[in-house]
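Engineer: After the sequence you'll find the predicted model.
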Amino acid sequence: ENLLQGNSGISQIENFDCSDFPTRIAGEIKTFSPEGWVAPKLSKRMDKFMLYLLTAGKKALVDGGVTEDVMAELDKSRCGVLIGSAMGGMKVFYDALEALKISYRKMNPFCVPFATTNMGSAMLALDLGWMGPNYSISTACATGNFCIQNAANHIISGEADVMLCGGSDSVIIPIGTYSYLYITCLLLFPNFVPDKCYLRCTNAGLGGFVACRALSQKNDDPAKASRPWDSVIFHHFRTVFFFFFI
């Protein structure tokens with residue numbers, strides 16, 4: 001409804017304290033609840049990108065008129081799920097690293113599979129009992145588009161009758177490269193002090209995008225902050241793309 005009415009979904013970040021960042025706005029989902037769509041036991045352990053994926057996937061079926069009666073008539077071996085993720089379970093992976101500082105016994109036993117980009121799509125297929133094509137594509141911001149294209153190709157080629165497709169991510173968190181740098185430091189440096197690395201690297205996620213001028217700093221007017229063709233931003237990205245493709 002907001003999309004049809006032209007209402008912006010960009011607002012102040014509330015998920016964490018971002019007062020130290022020049023960009024303090026994002027497209028957060030403020031009132032999300034997986035209740036009634038995802039089992040409570042799984043909901044407590046899953047990364048939010050998976051919760052978004054399962055909830056939105058099931059709601060899409062409802063919106064599409066796929067009732068229980070319709071579902072019963074489907075050949076589930078010819079129904080597939082192709083929902084990708086650019087970043088996967090960043091939060092669940094980071095939480096596991098924090099738990100490891102105390103003891104491996106404190107770690108979420110599902111931290112490794114729930115951090116992978118394909119697990120959300122797999123969990124939804126398991127939940128629905130669909131046994132057709134099921135995998136994930138990760139192509140940065142184009143992830144959802146590639147998934148839709150490949151899903152359509154499965155139907156066109158006769159490999160499937162129904163495909164549930166799209167993309168899901170949840171990366172509005174104050175971390176990014178820290179998690180990976182943390183692992184590297186643990187492996188290479190026996191005397192590594194994680195807290196010192198944390199102070200230097202926790203801003204790498206949001207801060208990294210700010211550094212490449214990909215995020216607006218118009219915090220006082222979030223609804224009008226998205227200006228991808230702004231002369232400064234466009235010129236900078238043209239330079240970056242030229243550098244990458246040289």
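Structural biologist: Perfect, I can see it now.
Engineer: only C-alpha atoms for contact and neighbour calcs from this point on.
Structural biologist: Will do.
Engineer: Mind pulling up the pLDDT for Met131?
Structural biologist: Among the per-residue scores, Met131 shows a pLDDT of 97.
Engineer: sorry, that was for Ser85
Structural biologist: Ser85 is given a pLDDT of 93.
Engineer: That one: how many residues sit nearby?
Structural biologist: Look at Ser85: counted by other Cα atoms under 10 Å, it has 30 neighbours.
Engineer: doesn't Ser138 make contact with it?
Structural biologist: Yes: between Ser85 and Ser138 there is a contact under Cα atoms under 8 Å: 5.5 Å.
Engineer: what do these two both touch?
Structural biologist: Thr117 (Cα atoms under 8 Å, 6 or more residues apart in numbering).
Engineer: Just say helix, strand or coil for Ile83.
Structural biologist: Here Ile83 is recorded as strand under DSSP: H, G, I helix; E, B strand; the rest coil.
Engineer: And it, how far from Gly9?
Structural biologist: For Ile83, the distance to Gly9 equals 22 Å [Cα to Cα, to the nearest Å].
Engineer: so where do the helices sit in the chain?
Structural biologist: Taking DSSP state H to define them, one finds helices in the chain at 2-5, 40-43, 48-63, 68-73, 90-100, 111-115, 119-128, 143-156, 178-188, 194-201, 204-211, 231-245.
Engineer: Where among these is average confidence lowest?
Structural biologist: Of all those, helix 194-201 has the smallest average pLDDT, which comes to a mean of 39.
Engineer: Ile83 and Gly9: which has the busier surroundings?
Structural biologist: Ile83 (33 against 14).
Engineer: Spit out the contact partners of the more buried one.
Structural biologist: Ile83 touches 53, 118, 120-121, 135-137, 144, 147, 164-168, counting by Cα under 8 Å, 6+ apart.
Engineer: Nearest to Phe21, out of the residues you listed: which one, please.
Structural biologist: For the contacts of Ile83, the minimum distance to Phe21 (Cα to Cα) is 24.7 Å, reached by Ser168.
Engineer: Just the pLDDT for that closest one.
Structural biologist: On the pLDDT scale, Ser168 gets 92.
Engineer: And the closest residue to it other than its chain neighbours, how far from Asp127?
Structural biologist: Spatially, and ignoring its direct neighbours in sequence, Ser168 is nearest to Ser85 (5.2 Å; Cα to Cα, 6 or more residues apart in numbering). Ser85 sits 18 Å away from Asp127, going by Cα to Cα.
Engineer: swap in Ala152?
Structural biologist: Ala152 is 22 Å from Asp127, where distance means Cα to Cα.
Engineer: Asp47 too?
Structural biologist: 16 Å.
Engineer: who has more neighbours, those two?
Structural biologist: Comparing Asp47 with Asp127 by other Cα under 10 Å, the one with more neighbours is Asp47, at 22 against 12.
Engineer: In contact with that one, which residues?
Structural biologist: Neighbour list for Asp47: 89-92, 114-115 [criterion: Cα under 8 Å, 6+ apart].
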